[in-house]
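[1] Sequence and predicted model, in that order:
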Amino acid sequence: MRLRDSESDARFRKEVRAWLAENLPVLGPRPAYGDWPAKKAYDQRWQRMLFDAGYAGIDWPAAYGGRGATASEQLIFLAESAAAGAPDLGVHFVGQLHAGPTLIAEATDEQRDFHLPRILRGESIWCQGFSEPGAGSDLASLRTRAVRDGDHYVVTGSKIWTSYGFAADYCELLVRTDPDAGKHRGISWLIMPMDTPGIDVRPLRTIQGESEFAEMFLDEVRVPVENLVGRENDGWRVAMVTFSFERGTSLVRELLTAMTMVEELATLAKTLGHGQYHSGPRAGQSRTAWDDDAIRREIGQVAAELDAMWALTRRNVTRAAGGGGVPPSGGSAFKLTYSEAIHHFGEVAMKVLERYAISLDALPLGAGAGLPVGRHIIEHLHAFAISIGAGTSQIQKNILAERVLGLPRER
Amino acid sequence: MRLRDSESDARFRKEVRAWLAENLPVLGPRPAYGDWPAKKAYDQRWQRMLFDAGYAGIDWPAAYGGRGATASEQLIFLAESAAAGAPDLGVHFVGQLHAGPTLIAEATDEQRDFHLPRILRGESIWCQGFSEPGAGSDLASLRTRAVRDGDHYVVTGSKIWTSYGFAADYCELLVRTDPDAGKHRGISWLIMPMDTPGIDVRPLRTIQGESEFAEMFLDEVRVPVENLVGRENDGWRVAMVTFSFERGTSLVRELLTAMTMVEELATLAKTLGHGQYHSGPRAGQSRTAWDDDAIRREIGQVAAELDAMWALTRRNVTRAAGGGGVPPSGGSAFKLTYSEAIHHFGEVAMKVLERYAISLDALPLGAGAGLPVGRHIIEHLHAFAISIGAGTSQIQKNILAERVLGLPRER
Amino acid sequence: MHFDLDEDGLALQATVRDLCGARLPLETTRNWTDAASFDRAAWSALAGLGAFTMTQPEARGGLELGVADAGLVFQVLGAELVPGPLVAAALVADLDERVGAGEAFATVVTRPPAGSGPARAGGPWVIPHLDLAADVYVVDDQGVWRTAAGAVEGTPVPNPLDPTTPMWLADAVPAGEQVGGPELARGWLLRGSVLASALLAGNATRTVELATAYAKQREQFGRVIGGFQAVKHLLAEAFTRAEVARVAVDAAAVALDDAGTSVGDGEGEGFDDGYADPTFNPVRAIAGARVLAADAASRNAKTAIQVHGGMGFTWETTIHLFLKRAWILRNAFTTPEEAADTVAHSLARPKWMAA
Amino acid sequence: MHFDLDEDGLALQATVRDLCGARLPLETTRNWTDAASFDRAAWSALAGLGAFTMTQPEARGGLELGVADAGLVFQVLGAELVPGPLVAAALVADLDERVGAGEAFATVVTRPPAGSGPARAGGPWVIPHLDLAADVYVVDDQGVWRTAAGAVEGTPVPNPLDPTTPMWLADAVPAGEQVGGPELARGWLLRGSVLASALLAGNATRTVELATAYAKQREQFGRVIGGFQAVKHLLAEAFTRAEVARVAVDAAAVALDDAGTSVGDGEGEGFDDGYADPTFNPVRAIAGARVLAADAASRNAKTAIQVHGGMGFTWETTIHLFLKRAWILRNAFTTPEEAADTVAHSLARPKWMAA
């Protein structure tokens, strides 16, 4: 087993670090949270800079315009980006991690040639059209209908959790093309251009406040049959291919960012006074949250949990490189434990921030940037996105119990 | 809502406290753990002292030899006993809390007249013959057979978790009298004299070490038909009556003892040095477990949990006094939360005792009684008796979900 | 001993619940994000039931009941997620009848201990509902101090965590006028803490109800999700936490009533004023109630969000508002961490323990 | 980066597992409660595989492998619940070939810090396997010290918590002979900690396996209990904890191997010797591994007892032995509490954070 950088890894790390140090300042300041047009422009600018520097699609095959780099290099790139505070994929999430890899695996040459370069250059933005209000964990019960009419599908229905719907040029859309086939059998995977008439995208507010999610209502939207990916009624299998890219590694950058947030929380704890202690032996004593054994130790526990998730990522990536992708034991174990670690992080953050845990923004204290309380609370709330989205924690436990431990299936 | 002692309650408390202060020293020292004959004699001596003082069967009706006191007085008696370190029911547990109340509710006058005075005087000791190796949570699947032969039942089978089997004169025994009836329909409740031929009682060692439990093997044991309580094949209902006495209040004395053990743990924490801290900012510093914010606070949390269980007991007892016994919401909630609180207690105890958590006995340190580490660890292990015995925590959650919250029954 | 709600208590709760349903439904009150949107008439109606004057003498328009009864009312207010300076109103009613009657508003803050702010500089003050309040009452070790709200220079907190608990930061609060001594201050801290815990316990109860109702109708995989054992057990655990929290709050309020004005400080070797039972110590009982109620409220809201799945993650669904309120209330008048410490310090050496 | 077991690693584990099955089955080893009942031949056979000399040079009879490989072996030993001074043997092999070869036994203890005993008097020493050991090695800040076991006046601990880890208490341990400096002491603390964590991770893995197997065959209410979602989820959570603990232990051992002898103290503003990734800091990684492995072992054993129901509460079933061993190992060379503190102290200020 090796974790240390090989010589070429070390070279790559050095190169990436230098490039980030040089180019991040050029990118300019991050737009305010909730300013979606600015966010889109910012993410696209960064993606173009990455592309020009050869860092777009680091783990995509060279044949499709990617860097064709090793899994190690991909992880190094992510780690260095997080440590430097570089942007994450943002509006490119679906295109880079979902649609792109799915097209590489399943699309026609024409589809690939058209879409993949645009995704890599940050020119076309994708959104996801999988979930529906009535089809959450039970995704296969989706009801959005696509009826064949000549060389088009006519699509009617509604979708939810359409991430970056406001910004998207294309949608990876799951539709029911055969209502009479079995639940999993009559589904197809379509590329839907978002400028087609009949699409109504409405922003979706989440418990975190403004969000990148939308609801999408489809009223007789005409999608060309040539936009089918894979075969008609074979969309469930294609979607499983899509998910195989999501499970296990799509949360890596997020994990790495969370690891730096624990560092930030520790730093805050060292400066924030703590405890009301109007009575008792502590009354009137001044101390920081960091001085509190329980809080400090709990920060250490959360860091240990996240460090282990980072180690698990390395194991998952090693296994995936051996072929067959991330095994369910690794993918579900990651998602389950990561969501618990983030919930735990959030609980500790509430204790550290204590009386200042009162805003989803920064607190206007003194000069400068303010006290960054909001993003720790938003991260706490975001834990639900992990424990609910892409298969709830309950579903992950079923997967582990049934597929890995061999216990009886749900009746 | 009232919690404070009424005038008569206060008088009773004073009287009990004075009596305990006078009589406990007369009783003599508690026998060593695992010395069962001495334990039996000790418990019987105490029960006789209680009887002579009018404190046997405090909540039993006067008509059956009890004190016929109020629920308040019963709780006061238990609280004062625990605070003074007086013995709990010990070998009389089944007779006093299970068999006796069941006989009062269901037995014939002859059965009552014979057994109840003996139970109250501590002359006859009872054991429980309900559980079987194959019938744990699913008690109704029990297989011990009783075949009618003239005016006797001939009983063959095996039982487990026969508490105080080594000491018992009688057994409350559940047997299957009709193998063809439905699972719950063919069961009967018998009084089995333990000196009947064919009974083989073997001590059962538990994870706590020596225990009051036994396995019991029955080989054509002849039990007179007149020892049937309730009607033949109606034993499941009678057993439910038995359990209605167990659920909710049988753990009260144990709870009260646990509350004093938290006090003991806090006292230990104040004197025990803590932390290895060979490196880091704490290296070489001397401090007690109590100085550790996390440990001290966790002791406080456990105390708060147990205090709440004591409050819940008062609510349950108040409701039971209104008729209908302890409701499932109260009984299952108590058992579930109490078992979690004891598990929590045990985990804190491991942290307090740290390097000294190495024995199920007291540690021979210095002069005197030694460091009482073992009983805190035994209490930790005992938590499993609560979370597994008399309906596992999983069963309690089913009861709450189905009977109280009205969620669908298990399929 | 009779430790359960009697008919009067149940009727009281029903009356308040009915009013909340009619005048303070959550669909409406979730929009009361500032003084301008706050419905003073509905608040007055609530005050008209005596919600804030339960413990006041009749002469002051009160009901002459105990803190235990006030706690029952506040459990309902917590379950209905009523916004506004509820606990402050119940405390300040001691001094200002207009506040008890719902004709004026007040806010109560505890003085931040020296060195408690960022960079250990002391402060800033965190003041809820400053726009609504006529007066700010400051509680510290010396007593209770009143300052006109208009005299406080506050900066509004952007994007408040709990949308209907707007907050202000202030570097300082003018000294104001002393309106009570250390005894009143101590009394307010205890009563304020137990009433905030009552709100938390009610909060914990309601999120289980909402999640249970949702689990009974939401279908996935061809059955209602409430039929899955995992969901059943999550809800059973949440129900139990709420029950236990309510019992703990009731016991704490009763202990405070029973103790009357003779409240010790609960420190050191236990509470000793003639009670036999150490859990009758109101300082210990109130601290313990906070530990359990804060835990129950935040964990139950989390459970409810999880059970609601994607719906629980939307702003539209109300569950998150319960969680956010719970996060604010956990630190009201004490914190669960400080409270656990208080319980620990209340533990005496057991009588039977060898010296 | 290749962070998974390769064929050599898997073969190594299989060899050790086979030997344990043949020579050290739990039905037998559970009775090795003292030196008299201890099967020295089986121990020698284990040593013969190189279990204690994985990291030793070939010249000293070692396999010249890394701590990571030793960790893999110790995970198997933990899963098989092999008794005896395992970690001590692997450390003392640095100094005494007979111990590495399984021909003699040693025990390693850390010096109790001043004031760590009851009444803060310092001591007493807690010494496992004193009857078996030829020598007692003491680790402290100054280095490593050797004393003949016969020179230590120990009082046997009655009814040891873990029956096969007999313990002695001693008021003092003679100073003995210094056999290593601070660097060796620090190295032993780290290696000892990660090997103990490997035992814990193996322990955690086995209890899930045992509980899963039981859940597949035990029927209640007309079906195997492993079909109940509550049981499935308990086991899935336990499985996950074990997987994560193993990964954490592997990463910690690899980090120690990679760091070679240049182990910093991990305190202050992070670890800085040219590594880019702070998790490569072996002090942090080893501490983190203890946090997770100790938690996984004790919680998984508890889960396994619960799943076994009444059977899990009997002495006869072996699960409780895993729990008790886990409780002993949690405090070996560090504690989970101290380890969490160590991780916290290893956290640096993030690069991107405003000053």
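    Received, thanks. Computed from a predicted structure; not experimentally measured.
[2] Run a quick neighbour tally on residue A:196.
    Residues lying near residue A:196 (other Cβ atoms under 10 Å in any protein chain shown) number 15. Quick note: C-beta positions are derived from backbone N, CA and C, even for glycine.
[3] Please, where are all the helices along the stretch 201-350 of chain C?
    C:229-259, C:282-308, C:319-329, C:336-346 (DSSP state H, counting those that start in this stretch).
[4] Pick the most buried one from those.
    helix C:282-308 (a mean of 29; mean count of other Cβ atoms under 10 Å in any protein chain shown).
[5] Tabulate the helices of the stretch 201-350 of chain C (JSON lines), appending mean pLDDT and distance to residue B:107.
    Converted to JSON lines, the helices of the stretch 201-350 of chain C look like this (pLDDT from 0 to 100; distance: least, Cβ to Cβ, whole Å):
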{"stretch": "helix C:229-259", "mean pLDDT": "96", "distance to residue B:107": "35"}
{"stretch": "helix C:282-308", "mean pLDDT": "97", "distance to residue B:107": "41"}
{"stretch": "helix C:319-329", "mean pLDDT": "98", "distance to residue B:107": "51"}
{"stretch": "helix C:336-346", "mean pLDDT": "95", "distance to residue B:107": "45"}
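[6] Go through those and name the closest to residue D:202.
    Counting by Cβ to Cβ, residue D:202 lies closest to helix C:229-259 out of the helices of the stretch 201-350 of chain C; the figure is 28.7 Å.
[7] Among the helices of the stretch 201-350 of chain C, which comes closest to chain D?
    Nearest of those to chain D, taken as Cβ to the nearest Cβ: helix C:229-259 at 3.7 Å.
[8] The closest one packs against which elements?
    helix A:393-399, helix B:293-321, helix B:328-353, helix B:393-399, helix C:67-79, helix C:182-217, helix C:282-308, helix D:229-259 (3 or more Cβ pairs under 8 Å, 6 or more residues apart in numbering or on different chains; DSSP states H and E).
[9] any idea how far the last one is from the chain center?
    Put plainly, it is helix D:229-259. Centroid displacement of helix D:229-259 relative to its chain, using Cα atoms, centre = their mean, to the nearest Å, is 14 Å.
[10] Make a markdown table out of the helices and strands packed on helix C:229-259 and add distance to residue D:84.
    Shown next, in a markdown table, are those (distance: least, Cβ to Cβ, whole Å):
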| stretch | distance to residue D:84 |
| --- | --- |
| helix A:393-399 | 37 |
| helix B:293-321 | 31 |
| helix B:328-353 | 23 |
| helix B:393-399 | 36 |
| helix C:67-79 | 57 |
| helix C:182-217 | 50 |
| helix C:282-308 | 43 |
| helix D:229-259 | 20 |
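[11] Near chain B, which residues of the stretch 151-300 of chain C are found?
    C:208, C:212, C:215-216, C:223-224, C:226-227, C:229, C:231-233, C:235-237, C:239-241, C:243-245, C:247-248, C:250-251, C:254-255, C:258, C:275-277, C:279-280, C:284-285, C:287-289, C:291-292 (Cβ under 8 Å from any Cβ of the partner chain).
[12] Excluding sequence neighbours, find me the nearest residue to residue 157.
    If you meant another chain, say so; for now it's chain A. Setting aside the residues directly before and after it, residue A:157 is nearest to residue A:144 in space (Cβ to Cβ, 6 or more residues apart in numbering or on different chains), at 2.7 Å.
[13] The chain in question should be chain C.
    residue C:167 (4.1 Å).
[14] so which strand or helix has the closest residue to residue A:131 other than its chain neighbours?
    Computed as Cβ to Cβ, 6+ apart, the closest residue to residue A:131 that is not its neighbour in sequence is residue A:161, at 4.5 Å. For residue A:161, there is no host helix or strand (DSSP states H and E).
[15] show me what contacts residue A:161?
    Neighbour list for residue A:161: A:128, A:130, A:131, A:204, A:213, A:389, C:310 [criterion: Cβ atoms under 8 Å, 6 or more residues apart in numbering or on different chains].
[16] Could you pull out the strands in the stretch 101-250 of chain A for me?
    Along the stretch 101-250 of chain A, the segments classed as strands by DSSP state E, counting those that start in this stretch run A:126-129, A:145-149, A:152-159, A:170-176, A:187-193, A:199-203, A:214-224, A:228-229.
[17] Which among these is found nearest to residue D:133?
    Nearest of the strands of the stretch 101-250 of chain A (Cβ to Cβ): strand A:126-129, 62.6 Å.
[18] pLDDT weak spots in chain A?
    A:246-248, A:275-286, A:324, A:366-369, A:411 (pLDDT under 70).
[19] For the one residue in it that gets nearest to chain B, list the residues it contacts.
    Chain A approaches chain B most closely through residue A:294 (3.6 Å), counting by Cβ to the nearest Cβ. By Cβ under 8 Å, 6+ apart, the residues touching residue A:294 are A:351, B:293, B:294, B:297, B:298, C:337.
[20] Just give the number of residues close to the first one.
    Taking other Cβ under 10 Å as the neighbour definition, residue A:351 ends up with a count of 21.
[21] these two touch, right, it and residue A:289?
    Yes - Residue A:351 is within contact range of residue A:289, at 7.3 Å (criterion: Cβ atoms under 8 Å).
[22] Report the spatially nearest residue to residue C:279, omitting neighbours in sequence.
    Using Cβ to Cβ, 6+ apart, the closest residue to residue C:279 is residue B:307 (4.8 Å).
[23] residue contacts, the nearest residue to residue A:332 once chain neighbours are set aside?
    Spatial nearest neighbour of residue A:332, chain neighbours left out: residue A:396 (4.2 Å); criterion: Cβ to Cβ, 6+ apart. Residue A:396 makes contact with A:332, A:335, A:336, D:236 under the criterion Cβ under 8 Å, 6+ apart.
[24] hey, what's in contact with both of residue A:351 and residue A:289?
    In contact with both residue A:351 and residue A:289: residue A:295, using Cβ under 8 Å, 6+ apart.
[25] which residues does the residue nearest to residue C:279 contact?
    So residue B:307 contacts B:259, C:248, C:251, C:279, C:284, C:285, C:288, C:343 (Cβ under 8 Å, 6+ apart).
[26] What of residue A:168?
    Residue A:168 sits next to A:91, A:94, A:125, A:126, A:127, A:162, A:194 when contact means Cβ under 8 Å, 6+ apart.
[27] Now restrict those to buried residues only.
    Among those, those buried by neighbour count (16 or more other Cβ atoms under 10 Å in any protein chain shown) are A:91, A:94, A:125, A:126, A:127, A:162, A:194.
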